[in-house]
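Chemist: Using only what follows, build the 3D model:
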Amino acid sequence: MEVINCRNVNDGFIKALDKIEMEHIVLESRAGEVMEFPTPVTTVYKNPTERVLFEELRDANPFFHFMESLWMLAGRNDLAYVEQYNKRMREYSDDGVELHGAYGYRWIKHFDFDQVSSIIKRLKADPNDRRSVLQMWDPRVDLNRKNAKDVPCNTAIYFKVRNGQLNMTVSNRSNDVIWGTFGANVVHMSILQEYVARALGVRVGTYNQVSDSFHVYTEIFIKMWKKLAEDDAFDFYAMRHYTNPYENKALSPYRLMNVEKEVWDKDLDKFLKREPLGNKKFNDSFFTKVACPLQDAWFLYKQKDYEFALSEVQGCASGDWATAGFEWINRRVKS
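Modeler: As a prediction, the model looks like this:
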């Protein structure tokens, strides 16, 4: 098994592309040709709360990844909420109403009980516990599901507390490096990890992502590689192997949970019902200072009020999300 050791998503992304370009096999898949690393790959994130990918070539939508993660923590599977931030989500819904493989719903409701709360309770009772396993794959409804648009790629999560920090290992059956591993997955899972850690009152530890099929879609990879060549790929790699956006202290993440879990959960429910530019009164400053400015900036952007959207996103107290949001909107304004 190959292991990618990285500080965070930014250097992990570059190292992963480098490995696949150097060594891969070519396979056909239901969604097109892929370049797959020959063995499973484990990505080890030393600082998983540094979760925002700044790479312009990937052009990750920070508003979508952020809001989808909160939607997951609420245990939801409705298409309507996430479709506000990414219209393509409809392509993954079998009925145009729900998402069959929605992770948050699997975490909290699918198996008829809240796995996340149960795991927090177990680890509070016994920090040395080794049975804190969160299940996402349900063979009853996933294994023989024909022509399904959406079944879980991430299948199980293992939590353990060691040396006063919460370590997490995620197992994944099929990981698209560009869109999944270093795009959506790292945000979703690291936010879940921080949520559980804060509820336990321990530090956020390492995050291990074990990917059985670690691949890129050939067409997407070639387009990206051509762009690298245009920008001088050698300089691109030399620069990013030795610098990391998070070395800039202005990009430091904002703490996810600053109140008791039960209070935070109520704030989350209230936030997901909030109208853009509406009430900003929440118990946890995370919602007031981070979530609300991001939601409002997105709304203003969709209204084509670009000047105010850029101003609003700069008011986000989490430097990483603020910067990524500003750059993402600004690229579209300039184009």
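Chemist: what's the burial count for Ser171?
Modeler: Per other Cβ atoms under 10 Å, the neighbour tally for Ser171 reads 19. Where you see a C-beta, it was placed from the backbone N, CA and C, and this is true even at glycine.
Chemist: what lines up beside the helix or strand that it is a member of in the sheet?
Modeler: When elements are defined using DSSP states H and E, Ser171 is found to belong to strand 165-176. Here strand 165-176 has these sheet partners by DSSP bridges: strand 154-162 (antiparallel), strand 203-217 (parallel).
Chemist: next structured bit after the longest one?
Modeler: Read that as strand 203-217. Next along the chain from strand 203-217, counting by DSSP H and E, comes helix 218-230.
Chemist: That next one - contacts with which helices or strands?
Modeler: If you count contacts as 3 or more Cβ pairs under 8 Å, 6 or more residues apart in numbering; DSSP states H and E, helix 218-230 packs onto helix 9-22, strand 32-36.
Chemist: got the angle for that helix vs strand 32-36?
Modeler: Put simply, helix 218-230 runs at 60 degrees to strand 32-36, going by axes from the mean of the first three to the mean of the last three Cα atoms, to 10 degrees.
Chemist: Any regions of the stretch 101-250 of the chain where pLDDT drops low?
Modeler: Within the stretch 101-250 of the chain, the set of residues satisfying pLDDT under 70 comprises 228-242.
Chemist: Residue nearest the middle of this protein, spatially speaking?
Modeler: What sits nearest the mean C-alpha location of the chain, by Cα atoms, centre = their mean, is Val187, with 2.1 Å.
Chemist: List the buried residues of the strand holding Ser171.
Modeler: Neighbour counts using 16 or more other Cβ atoms under 10 Å place Leu166, Asn167, Met168, Thr169, Val170, Ser171, Asn172, Ser174, Asn175, Asp176 of strand 165-176 among the buried residues.
Chemist: Can you dump the C-alpha atoms of it in CSV for me?
Modeler: Once non-C-alpha atoms are left out, strand 165-176 reads as follows in CSV (Å, rounded to 0.1, in the frame of the first residue of the first chain):
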residue,chain,number,x,y,z
GLN,A,165,-6.6,13.8,20.5
LEU,A,166,-9.2,12.2,18.2
ASN,A,167,-7.7,10.3,15.3
MET,A,168,-10.0,9.2,12.5
THR,A,169,-9.6,6.6,9.7
VAL,A,170,-12.0,6.6,6.7
SER,A,171,-12.3,3.6,4.4
ASN,A,172,-13.2,4.3,0.8
ARG,A,173,-14.0,1.9,-2.0
SER,A,174,-13.6,4.3,-4.9
ASN,A,175,-11.9,7.6,-4.7
ASP,A,176,-11.7,10.2,-7.5
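Chemist: Next SSE downstream of it?
Modeler: On the C-terminal side of strand 165-176, the closest following helix or strand by DSSP H and E is helix 186-200.
Chemist: Give me the contact list for that next one.
Modeler: The list of residues contacting helix 186-200 from outside it, by Cβ atoms under 8 Å, 6 or more residues apart in numbering, reads 9, 12, 45, 48-49, 51-53, 65-66, 68-70, 72-73, 103, 107, 116, 119-120, 123-124, 154, 157, 159, 161, 165-166, 168, 170, 203-205, 207, 209, 255-257, 261.
Chemist: follow-up on the earlier one: point out the most buried one among the strands paired with strand 165-176.
Modeler: Highest mean neighbour count of the strands paired with strand 165-176: strand 203-217, a mean of 22 (counted as mean count of other Cβ atoms under 10 Å).
Chemist: chain center to that strand: distance?
Modeler: In this view, strand 203-217 has its centroid 11 Å away from the chain centroid, taken as Cα atoms, centre = their mean, to the nearest Å.
Chemist: Hmm, Lys261 is touching Ile120, no?
Modeler: Yes: under the contact definition of Cβ atoms under 8 Å, Lys261 touches Ile120, with a separation of 7.3 Å.
Chemist: which one of those two has more residues nearby?
Modeler: Ranked by neighbour count (other Cβ under 10 Å), Lys261 and Ile120 place Ile120 first, with 20 against 17.
Chemist: Report the secondary structure state of that one.
Modeler: The three-state label given to Ile120 by DSSP: H, G, I helix; E, B strand; the rest coil is helix.
Chemist: So the residue lying closest to it once chain neighbours are set aside versus Thr181, what's the distance?
Modeler: For Ile120, the nearest residue in space outside its immediate sequence neighbours is Ala199; the separation is 4.9 Å by Cβ to Cβ, 6 or more residues apart in numbering. Here the criterion is Cβ to Cβ, to the nearest Å. By it, Ala199 lies 26 Å from Thr181.
Chemist: the more surrounded of those two?
Modeler: Counting neighbours by other Cβ under 10 Å for Ala199 and for Thr181 shows that Thr181 has the greater number, 25 against 22.
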